[in-house]
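Student: Just the structure for this:
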Amino acid sequence: MELSKGFDEIVERRKAVRVFDEQTDVTEAVRRSLSRAVLSPNSSNMQLWEFHQVRDKQTHERITKACLKQSAARTANQLVVVVCRQDKWRERVKWNLAQLKEQFKDKPELTSRDKRAMQYYRVLMPLMYRNDPFGFWRAVRTILRTYLLLKGPSLRMVSHADQRVMLHKSAAIAAQTFMLSMAAEGLDTCPMEGFDEVRIKKALNLPNSAEICIVIGCGKGKAEGVYSQRRRVAESEVIFNR
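Tutor: Numbering: from 1, shown residues only. This next block holds a predicted model:
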């Protein structure tokens, strides 16, 4: 019960604050919160995300300009850019396999569950993430999906766009963990979706294949930074019992 009360306070405290005290250094709180964010749940533990803590003044200015000079970016003591890295799926597959091999190294014999876990990363993840310019692997996934659907419920995500959605969901969960952590630190954040993605990727020296999920302004909020009271539609409009 005490944990739930504390969490209520954190959730109530977290608001989108758009004007910050630029002099309040939040470096260590941001770092701690990023360490908490990487513990967030994510699809198949692939962790196809990156979190860029922007402390360099020139980079901050470039990203602020790319964020259309929003006050939440301009006055933030620091920025955090949450990035999706679908292009790193091979690295993450190898990493997960290495972790499993280390976990199983002292076992005289692998169980069926252990073997399924190994096959998951050896076979299923490459099948899920592999793409090519001609759409061959998408066609393979589509055919396999059609066959599986004849037998019952099946995963329907087969396209590159489906993969992108999956990655952005994981990254967004981590972003929320980060913002709640900052609230627990007694600090404030503002998530921003209005930005020029290409310019931000150039500012961070990211490849074209990377995608920006969200930019988060961080700092000690000023009273004028909360533009209005929090308003939500009635719970009956969005919460349903089935």
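
Student: sec struct for residue 231, please.
Tutor: The assignment at residue 231 comes out as coil when based on DSSP: H, G, I helix; E, B strand; the rest coil.

Student: Next up, the contacts around it.
Tutor: With contact set as Cβ atoms under 8 Å, 6 or more residues apart in numbering, residue 231 has no partners. For the C-beta atoms, the positions are set from N, CA and C on the backbone; glycine is no exception.

Student: and what of residue 126?
Tutor: 90, 93.

Student: That one: which element?
Tutor: Here residue 126, judged by DSSP states H and E, is contained in helix 125-129.

Student: Next: residue 137.
Tutor: Using DSSP H and E, the element containing residue 137 is helix 136-151.

Student: What mean pLDDT does that helix get?
Tutor: Regarding helix 136-151, the rounded mean pLDDT is 93.

Student: What angle do helix 136-151 and the next helix or strand after that helix make with each other?
Tutor: Following helix 136-151 in sequence order, the next helix or strand is helix 160-184 (DSSP H and E). Angle of helix 160-184 versus helix 136-151, following axes from the mean of the first three to the mean of the last three Cα atoms, to 10 degrees, is 90 degrees.

Student: So which bits of the helix holding residue 137 are buried?
Tutor: 137, 138, 141 (16 or more other Cβ atoms under 10 Å).

Student: could I have the helix holding residue 126 exported to PDB, CA atoms only?
Tutor: The C-alpha coordinates for helix 125-129 follow below in PDB (Å, rounded to 0.1, in the frame of the first residue of the first chain):
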ATOM      1  CA  MET A 125      14.200 -13.100 -34.500                       C
ATOM      2  CA  PRO A 126      16.100 -13.100 -37.700                       C
ATOM      3  CA  LEU A 127      12.900 -14.100 -39.500                       C
ATOM      4  CA  MET A 128      11.000 -11.300 -37.800                       C
ATOM      5  CA  TYR A 129      13.600  -8.500 -38.400                       C
END
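
Student: Flag every buried residue along that helix.
Tutor: Result for helix 125-129 [16+ other Cβ under 10 Å]: buried residues 125, 128, 129.

Student: can you pull the contacts of the first one?
Tutor: Residues counted as contacts of residue 125 (Cβ under 8 Å, 6+ apart) are 44, 46, 89, 93, 96.

Student: Can you flag the buried ones in those?
Tutor: For these, buried by 16+ other Cβ under 10 Å: 44, 46, 89, 93, 96.

Student: Could you check the pLDDT of residue 1?
Tutor: Predicted confidence (pLDDT) for residue 1: 67.

Student: what's the answer for residue 228, then?
Tutor: pLDDT, residue 228: 88.

Student: Name the SS class of it, please.
Tutor: Per three-state DSSP, residue 228 ends up coil.

Student: What's the mean pLDDT across the longest strand anywhere in the chain?
Tutor: Taking DSSP state E as the criterion, the chain has its longest strand at strand 211-221. With pLDDT averaged residue by residue, strand 211-221 scores 98.

Student: one step back: residue 226: which of the buried residues of helix 125-129 is nearest?
Tutor: residue 129 (41.0 Å; Cβ to Cβ).

Student: any idea which element the closest residue to the closest one other than its chain neighbours lies in?
Tutor: Excluding the flanking residues, the one nearest residue 129 by Cβ to Cβ, 6 or more residues apart in numbering is residue 89, at 4.0 Å. If you go by DSSP H and E, residue 89 is part of helix 89-104.

Student: Could you tell me the angle between the helix or strand following that helix and helix 89-104?
Tutor: Next along the chain after helix 89-104, taking DSSP H and E as the criterion, comes helix 112-119. Interaxial angle of helix 112-119 relative to helix 89-104 (the same axes, to 10 degrees): 150 degrees.
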